[in-house]
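>>> Need a 3D model of the sequence below.
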Amino acid sequence: MAARRSLADSLRWMAEGTGTFFDALARLPDDRLDRPTALTGWTGRHLLAHVAANADALLNLAHWASTGEERPMYTSFEQRDADIRTGAVRSPAELRSWAATSAGLLEKRLSGLDERQWARPVRTAQGRTVPATEIPWLRAREVMVHAVDLGAGVGFADLPPDFLAALVDDIAAKRSGAADGPALLLEATDHDGTWHVSGTGDGPVTVTGTLAELAAYLSGRASGPGGRPAPALPRWL
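As a prediction, this is how the structure comes out:
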């Protein structure tokens with residue numbers, strides 16, 4: 001079941017997610033940034049560098065939307081990874097400043113787009129051509145999910161239910177398109193939604209949980225809803 005989301009929804013979630021992320025970050029002392037996160041191989045420094053660099057990358061798409069001049073998010077995936085590695089060696093103060101500054105610049109640039117510019121096609125890092133109205137959704141997804149990854153007390157259950165429904169829909173659609181994992185029937189216990197994920201196997205496996213539990217599972221942050229066994233999933237992004 002597709003969760004409807006408008007540009008206004010995505011802009012609202014981006015703003016709320018940005019606040020959630022930076023509130024969580026403010027609760028983390030600098031030395032906590034040196035510790036591993038739930039993301040394999042990444043410390044808090046890597047995570048913060050990634051969120052900062054993501055805003056810079058989406059600024060490229062905002063420029064593309066604004067001017068019509070093609071400007072990809074990254075020159076290559078190698079460059080994306082290199083930005084994270086080099087960014088992670090910055091001091092905590094530099095990382096915090098970079099993340100806040102890039103987030104503010106992105107919000108400012110997007111606020112200046114008009115209806116024609118919002119409709120302009122741009123290309124994501126995964127190579128999908130989408131209207132510029134997808135930019136705030138891409139950012140909302142980053143700051144909301146990574147606010148959880150910071151490990152500062154934010155869980156998926158703390159995220160807005162309408163965002164979670166849109167996130168489950170988004171990930172389910174991507175996994176169906178890839179069809180490289182198990183076929184699933186997802187049923188939310190606190191929402192009137194079901195999602196079908198195309199994939200391998202003789203038939204779909206039913207996975208039941210709250211929206212928050214389904215989002216954690218589909219995004220690879222949990223092995224199954226509520227800790228219950230569920231089919232292993234390939235990487236999301």
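
>>> Next, the contact list for residue 24, please.
Applying CB atoms under 8 Å, 6 or more residues apart in numbering, we find residue 24 in contact with 147, 150, 152-154. The C-beta positions use only the backbone N, C-alpha and C, and glycine is treated the same way.

>>> which of these sit farthest apart?
Comparing every pair within these by CB to CB identifies 147 and 153 as the most remote, at 9.7 Å.

>>> Mind checking which of those two has more residues around it?
Neighbour tally, residue 147 and residue 153, criterion other CB atoms under 10 Å: the higher count belongs to residue 147, 26 against 12.

>>> what's the more buried one in contact with, if anything?
Residue 147 neighbours (CB under 8 Å, 6+ apart): 17, 20-21, 24, 154, 159.

>>> So for the helix or strand encompassing it, mean pLDDT?
Using DSSP states H and E, residue 147 sits in helix 135-149. Over the span of helix 135-149, the pLDDT mean works out to 98.

>>> Check stretch 197-212 too.
Here the average pLDDT along stretch 197-212 is 95.

>>> all strands of this protein, in order?
121-123, 129-131, 182-188, 194-197, 200-209 (DSSP state E).

>>> Tell me where the chain is predicted with low confidence.
Applying pLDDT under 70 to the chain flags residues 1-3.

>>> need the longest helix for it.
The longest helix of the chain (DSSP state H) is helix 44-67.

>>> ok, and for it, which residues are buried?
The neighbour-count check on helix 44-67 (16 or more other CB atoms under 10 Å) flags 44-62, 64-66 as buried.

>>> hey, where'd the helices end up in the chain?
7-26, 44-67, 77-87, 92-111, 115-118, 135-149, 161-178, 211-218.

>>> who does the third one touch, helix- and strand-wise?
So the one you mean is helix 77-87. helix 44-67 (3 or more CB pairs under 8 Å, 6 or more residues apart in numbering; DSSP states H and E).

>>> Now do the helix it packs on and helix 135-149, the angle between them.
Helix 44-67 and helix 135-149 meet at an angle of 170 degrees, taking axes from the mean of the first three to the mean of the last three CA atoms, to 10 degrees as the criterion.

>>> Alpha carbons of helix 44-67, in CSV - could you do that?
The C-alpha trace of helix 44-67 is given here as CSV (Å, rounded to 0.1, in the frame of the first residue of the first chain):
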residue,chain,number,x,y,z
GLY,A,44,29.9,8.6,15.3
ARG,A,45,32.4,10.7,13.4
HIS,A,46,31.8,8.8,10.1
LEU,A,47,28.0,9.2,10.6
LEU,A,48,28.2,12.9,11.3
ALA,A,49,30.5,13.4,8.3
HIS,A,50,28.1,11.4,6.1
VAL,A,51,25.1,13.5,7.2
ALA,A,52,27.1,16.7,6.5
ALA,A,53,28.3,15.5,3.1
ASN,A,54,24.8,14.4,2.2
ALA,A,55,23.5,17.9,2.7
ASP,A,56,26.3,19.2,0.4
ALA,A,57,25.4,16.6,-2.2
LEU,A,58,21.7,17.5,-2.1
LEU,A,59,22.8,21.1,-2.5
ASN,A,60,24.2,20.1,-5.8
LEU,A,61,20.7,18.8,-6.8
ALA,A,62,19.1,22.0,-5.5
HIS,A,63,21.5,24.0,-7.7
TRP,A,64,20.5,21.8,-10.7
ALA,A,65,16.8,22.4,-9.9
SER,A,66,17.3,26.1,-9.5
THR,A,67,19.5,26.8,-12.6
